[in-house]
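*Asks:* what would the 3D arrangement of this be:
(chains A and B)
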Amino acid sequence: AQKITQTQPGMFVQEKEAVTLDCTYDTSDPSYGLFWYKQPSSGEMIFLIYQGSYDQQNATEGRYSLNFQKARKSANLVISASQLGDSAMYFCAMRDPYGGATNKLIFGTGTLLAVQP
Amino acid sequence: DAGITQSPRHKVTETGTPVTLRCHQTENHRYMYWYRQDPGHGLRLIHYSYGVKDTDKGEVSDGYSVSRSKTEDFLLTLESATSSQTSVYFCAISEPGQGKQFFGPGTRLTVL
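*Replies:* Below you'll find the model as predicted:
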């Protein structure tokens, strides 16, 4: 069965430092997509970054980059130069490869990041 | 920001009562989804719709039903609410392709 695993329930990082949030996935299908979402304390879900399984380059969006290691089935989120506003819950998700064209997502349990001044 | 609204935003109800949550979009996106978020579980898919009157079950559909009579509206109904359905409910939309989903602001439901 398809599964997303986030093994870090919580993390601390000092302001201005980089931090890596871990995500591993399990699928036997060669075609899938990986997403990261941010959920601040206000509750909304904010899309951060996307990586397709056939993409040759690691995705980047501003201070966010996705360290995609296909052989290890990992899709870690790297946040460079952390800011206080980065304190939030972060979810890794995978487009269900067996969901057809319906774009169903499978979510991990999340990592709570706290940025310390 | 994608135009997605959810109503109500907060609701407290009693066990056994019916509850309907509404999701409304102004983006004309084809796909709509209902998730619930619980501590330790992330977001889990309840039901989804791939067109008007076309819906299907997700991972945790027991006790829930949905309807979509117009492109812009997707309703989630708890026929007889139970305390285990106390949760935060999110609606999301997407288009065919990459699969990026845009989320509504969420509805916090408490079943006493």
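*Asks:* residues in chain A within reach of chain B, list them.
*Replies:* Contact residues, chain A versus chain B (Cβ under 8 Å from any Cβ of the partner chain): A:4, A:33, A:35, A:37, A:43-45, A:47, A:50, A:52, A:91, A:93, A:95, A:101-110. Where you see a C-beta, it was placed from the backbone N, CA and C, and this is true even at glycine.
*Asks:* now do the contacts for the closest residue to A:Y54 other than its chain neighbours.
*Replies:* Ranked by Cβ to Cβ, 6 or more residues apart in numbering or on different chains and with sequence neighbours excluded, the top spatial neighbour of A:Y54 is A:S31, at 7.2 Å. A:S31 makes contacts with A:S53, A:Y54, A:P97, as judged by Cβ atoms under 8 Å, 6 or more residues apart in numbering or on different chains.
*Asks:* next, the last one: phi, psi?
*Replies:* The phi/psi pair for A:P97 (degrees, to the nearest 10) reads phi -70, psi -20.
*Asks:* count of residues packed around residue 85?
*Replies:* Just going to use chain A. A:G85: 9 surrounding residues under other Cβ atoms under 10 Å in any protein chain shown.
*Asks:* oops, chain B please
*Replies:* 20.
*Asks:* distance check, it against B:L112.
*Replies:* B:Q85 is 11 Å from B:L112, where distance means Cβ to Cβ, to the nearest Å.
*Asks:* cool, B:S49 as well?
*Replies:* 30 Å.
*Asks:* settle it for me: which of those two has more neighbours?
*Replies:* Neighbour totals were compared for B:S49 and B:L112, and B:S49 leads with 24 against 10 (other Cβ under 10 Å).
*Asks:* quick check, the more buried one in a strand?
*Replies:* Yes. Assessed with DSSP: H, G, I helix; E, B strand; the rest coil, B:S49 lies in a strand.
*Asks:* okay, and the beta partners of it?
*Replies:* Residues in a beta bridge with B:S49, per DSSP bridges, are B:M32, B:T55.
*Asks:* only the buried subset of the residues of chain A next to chain B, as a ChimeraX command please.
*Replies:* Buried members of those, defined by 16 or more other Cβ atoms under 10 Å in any protein chain shown, are picked up in ChimeraX with:
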select /A:4,33,35,37,45,47,50,91,93,95,102,103,104,105,106,107,108,109,110
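*Asks:* and the strands in the chain?
*Replies:* Defaulting to chain A. Taking DSSP state E to define them, one finds strands in chain A at A:3-5, A:10-14, A:19-21, A:24-26, A:33-39, A:46-52, A:60-61, A:64-69, A:74-79, A:88-95, A:105-107, A:111-116.
*Asks:* that was the other one, I meant chain B.
*Replies:* Using DSSP E, strands in chain B cover B:4-7, B:10-13, B:19-25, B:31-38, B:42-51, B:54-57, B:64-70, B:73-78, B:87-94, B:102-103, B:107-111.
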